[in-house]
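A.B. asks: Quick one: sequence and predicted model below, then my questions.
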Amino acid sequence: MIRDIKAYYIDRIVKDVGFGASSPIIVSVNGKEYVLKTKEDGMQPKSLGIFNEILAYQLITFLGYKIAPQEVVYLVIDENFIEMAEIAHNERIIKQESYDNISNSYGINIGIEYLHNAMEPLDGKINNKSFIKDIAHIDNYIMNCDRSQDNINILQDKTDIRRYYAIDFGNALADGIDGELYNKIINEDTDIFSEGKYSRCNVILSGRYILKNDVQSLIKKGRIIKHDLNTIRDTLHEIMAKFPNDWEPLKYKDVIADIIACRLKSREIFNLTEDCRCLY
């Protein structure tokens, strides 16, 4: 089971999010607010960030994890919206970086439901073992270590402090600052693979990963995924087949599907004791 992601035009710009290296903004669609994330975001090359986001949310749904229930949609950036963004920039509603990203992202982008009733976790602590296990598994499967003390990328419900929401998977595939794994995929550098086609990184051992100490005590061997390798690979291709066809990472969909499918079936990636050298 995967999500049915619908496409919409944007009605209006609400405000700047106020945080985030990619300078996202909040927009309104049919009376509902979303965080707009764009193909060009000043961080990842050519749609990689939003590719990672949709891939992560779809895998979370496929695996049955309850850590990211927020709605995800496709949002169209056309001439009218670029003009709207220019006005918002001139009126200092959004930053220059946000306007630049929008101007360079004509076509289909994405929106993540804006959670009004959420906040950064109290004291930066996650007091929910089930959530920690789920988020650590998905982060390791897709090689996302972008959860640090300064940028936890987890929200906590204001009325139910035991409930948390995983957000921001844009730095998956261990691309980060150096574009390490993604660059190796582009350059067909298969030296990073062994025992099949998967990188042997254990990203949750990254020194910057805020949940590192928690997962070391909670996760010993990783989970057994009930689906076979071919089913997982087919699901990944089904997911990517619904992505906008101009998203650059689709050129490498076969190798990306192989890497992630093999990581989902490998419990060994949770047993590795060394920090992955490709992480920033």
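C.D. replies: Received the coordinates, thanks.
A.B. asks: ok, which stretches of the stretch 151-280 of the chain are helices?
C.D. replies: 180-186, 212-218, 229-241, 253-265 (DSSP state H, counting those that start in this stretch).
A.B. asks: Quick one: closest of those to residue 139.
C.D. replies: helix 212-218 (9.1 Å; Cβ to Cβ). C-beta coordinates here come from the backbone N, C-alpha and C atoms, glycine included.
A.B. asks: For that closest one, which helices and strands make contact with it?
C.D. replies: Secondary-structure packing of helix 212-218 (3 or more Cβ pairs under 8 Å, 6 or more residues apart in numbering; DSSP states H and E): helix 129-142.
A.B. asks: List the buried residues for the helix it packs on?
C.D. replies: The neighbour-count check on helix 129-142 (16 or more other Cβ atoms under 10 Å) flags 131, 132, 133, 134, 135, 136, 137, 138, 139, 140, 141, 142 as buried.
A.B. asks: Repeat that for stretch 251-261.
C.D. replies: 252, 253, 255, 256, 257, 258, 259, 260, 261.
A.B. asks: Look up how far residue 54 lies from the residue nearest to the fifth one when sequence neighbours are not counted.
C.D. replies: Right, residue 257. With sequence-adjacent residues excluded and distances taken as Cβ to Cβ, 6 or more residues apart in numbering, residue 257 is closest to residue 236, at 4.1 Å. Remark: distance between residue 236 and residue 54 (Cβ to Cβ, to the nearest Å) = 12 Å.
A.B. asks: Report the contact partners of the closest residue to residue 57 other than its chain neighbours.
C.D. replies: Spatial nearest neighbour of residue 57, chain neighbours left out: residue 72 (5.0 Å); criterion: Cβ to Cβ, 6+ apart. By Cβ atoms under 8 Å, 6 or more residues apart in numbering, the contact set of residue 72 is 3, 5, 53, 54, 57, 110, 111, 112, 113.
A.B. asks: cool, residue 67 as well?
C.D. replies: Per Cβ under 8 Å, 6+ apart, neighbours of residue 67: 60, 131, 134, 135, 138, 164, 165, 166.
A.B. asks: confidence score at the third one?
C.D. replies: In other words, residue 134. Predicted confidence (pLDDT) at residue 134: the value is 97.
A.B. asks: How about the second one?
C.D. replies: Per-residue pLDDT puts residue 131 at 97.
A.B. asks: Pretty sure it sits against residue 157.
C.D. replies: No. Judged on Cβ atoms under 8 Å, residue 131 makes no contact with residue 157 at a distance of 11.2 Å.
A.B. asks: Now the common contact residues for those two.
C.D. replies: Shared contacts of residue 131 and residue 157, counting by Cβ under 8 Å, 6+ apart, come down to residue 164.
A.B. asks: before we move on, the earlier item: list the contacts of the residue nearest to residue 257.
C.D. replies: 55, 256, 257, 260, 261.
A.B. asks: and with 10 Å instead?
C.D. replies: 2, 55, 58-59, 62, 253-254, 256-261, 264 (Cβ atoms under 10 Å, 6 or more residues apart in numbering).
A.B. asks: Output the below-cut-off pLDDT ranges for the stretch 1-150 of the chain.
C.D. replies: 45 (pLDDT under 70).
A.B. asks: Where is the longest helix in this structure?
C.D. replies: Secondary structure assigned by DSSP state H gives helix 48-63 as the longest helix of the chain.
A.B. asks: Convert that one to CSV, retaining C-alpha atoms only.
C.D. replies: Provided in CSV are the C-alpha atoms of helix 48-63 (Å, rounded to 0.1, in the frame of the first residue of the first chain):
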residue,chain,number,x,y,z
LEU,A,48,16.9,15.4,-5.2
GLY,A,49,15.5,16.9,-2.0
ILE,A,50,11.8,16.5,-3.0
PHE,A,51,12.5,13.1,-4.6
ASN,A,52,13.9,11.9,-1.2
GLU,A,53,10.9,13.4,0.6
ILE,A,54,8.2,11.6,-1.4
LEU,A,55,10.2,8.4,-1.5
ALA,A,56,10.5,8.5,2.4
TYR,A,57,6.8,9.2,3.0
GLN,A,58,5.8,6.4,0.6
LEU,A,59,8.1,3.9,2.2
ILE,A,60,6.8,4.9,5.7
THR,A,61,3.3,4.1,4.4
PHE,A,62,4.4,0.9,2.7
LEU,A,63,6.1,-0.4,5.9
